[in-house]
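> would you be able to build a 3D model of this:
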Amino acid sequence: RLAEPYKGIGDCFGRTIKDEGFIALWRGNTANVIRYFPTQALNFAFKDYFKRLFNFKKDRDGYWKWFAGNLASGGAAGASSLLFVYSLDYARTRLANDSKAAKKGGERQFNGLVDVYKKTLKSDGIAGLYRGFNISCVGIIVYRGLYFGMYDSLKPVVLTGDLQNNFLASFLLGWGITIGAGLASYPIDTVRRRMMMTSGEAVKYKSSLDAFNQIVKNEGTKSLFKGAGANILRAIAGAGVLAGYDQLQLILLGKKYGSGGG
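Predicted structure coming up:
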């Protein structure tokens, strides 16, 4: 919908505030808040469930089988939680990208969260709310698998001695892992958001693979990583969640999250 694409995060901030006002930076945040807390709760609950289900132990099964189990439990947790919150993620994406078409007299496509649901259901049915769901599952398995799996696997190796149970050390490790997981899955995230944006329009992409090929062909490989810089800054929140959950388990349950043989 933009007449001219953003040149970077600074240009995005500047033009959004200039054209639409400061409050526009929070457009779609209601859906994000509603989505975020259930997502985090489900992620950790499912992760613990799948870790118990796979039940790999480092001492018993060996490091690599235990490591693979950590990756698998993280990925399965992410895919499971996505089933419950995907439509909210879709609505958040549509609202956040619903810029005014022009500086003068531009009209938004949606009036709010409920309006996104109404218009999408009217034009595309329930399937419209789940446009891009398959590629999203792939992306979330990659992201959450690395996010949880790497943290669970590296924490008992890296955070030892004086660093054990140190919040700052846990936070920095979590930040590095969140950035790595985010960059590894970012091209997939770009494809899924492009597919989300086609709901209510004529079919633009035949599949997620077709979307990927068209993006690379028409815009270049770099376009798959547009917005990755902002994602690195946002990774601070992901690191805080990991380190905070770690400390909370230690305080409430007296157990060390992601440590030992489990």
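> contacts and neighbour counts: CA atoms only from here.
Noted.
> now for Gly62, how many residues are close by?
Counted with other CA atoms under 10 Å, the neighbours of Gly62 add up to 12.
> mind listing what it touches?
For Gly62, the contact set (CA atoms under 8 Å, 6 or more residues apart in numbering) is empty.
> check what pLDDT it gets.
On the pLDDT scale, Gly62 is placed at 86.
> and the gap between it and Trp175?
Look at Gly62 and Trp175: by CA to CA, to the nearest Å, they are 27 Å apart.
> which stretches of the stretch 101-250 of the chain have low pLDDT?
101-106, 200-203 (pLDDT under 70).
> which stretches of it form helices?
For the stretch 101-250 of the chain, the helices defined by DSSP state H, counting those that start in this stretch cover 113-124, 126-129, 133-158, 167-196, 208-219, 228-253.
> which neighbouring elements make contact with the shortest one?
Secondary-structure packing of helix 126-129 (3 or more CA pairs under 8 Å, 6 or more residues apart in numbering; DSSP states H and E): helix 63-96, helix 113-124.
> could you do the fifth one as well?
Applying 3+ CA pairs under 8 Å, 6+ apart, we find helix 208-219 packed against helix 167-196.
> buried sites along the helix it packs on?
Neighbour-count burial for helix 167-196, counted by 16 or more other CA atoms under 10 Å, picks out 167, 169-171, 173-183, 185-196.
> mind putting the helices of the stretch 101-250 of the chain in JSON lines, distance to Ser81 included?
Output for those, formatted as JSON lines (distance: least, CA to CA, whole Å):
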{"stretch": "helix 113-124", "distance to Ser81": "20"}
{"stretch": "helix 126-129", "distance to Ser81": "16"}
{"stretch": "helix 133-158", "distance to Ser81": "10"}
{"stretch": "helix 167-196", "distance to Ser81": "16"}
{"stretch": "helix 208-219", "distance to Ser81": "21"}
{"stretch": "helix 228-253", "distance to Ser81": "16"}
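> which one of those helices lies closest to Phe67?
When the helices of the stretch 101-250 of the chain are compared by CA to CA, helix 133-158 sits nearest Phe67, at 6.0 Å.
> how distant is that closest one from the center of its chain?
11 Å (CA atoms, centre = their mean, to the nearest Å).
> now the phi/psi pair for Phe198, please.
One thing to correct before we go on: residue 198 is Thr, not Phe. Torsion angles at Thr198 (phi, psi; degrees, to the nearest 10) stand at phi -90, psi -10.
> and what of Lys206?
phi -70, psi -30.
> that one: how many residues sit nearby?
9.
> out of the helices of the stretch 101-250 of the chain, which comes closest to Phe50?
So among those, helix 133-158 is nearest, using CA to CA, at 11.7 Å.
> quick check: buried residues in that closest one?
133, 135-156.
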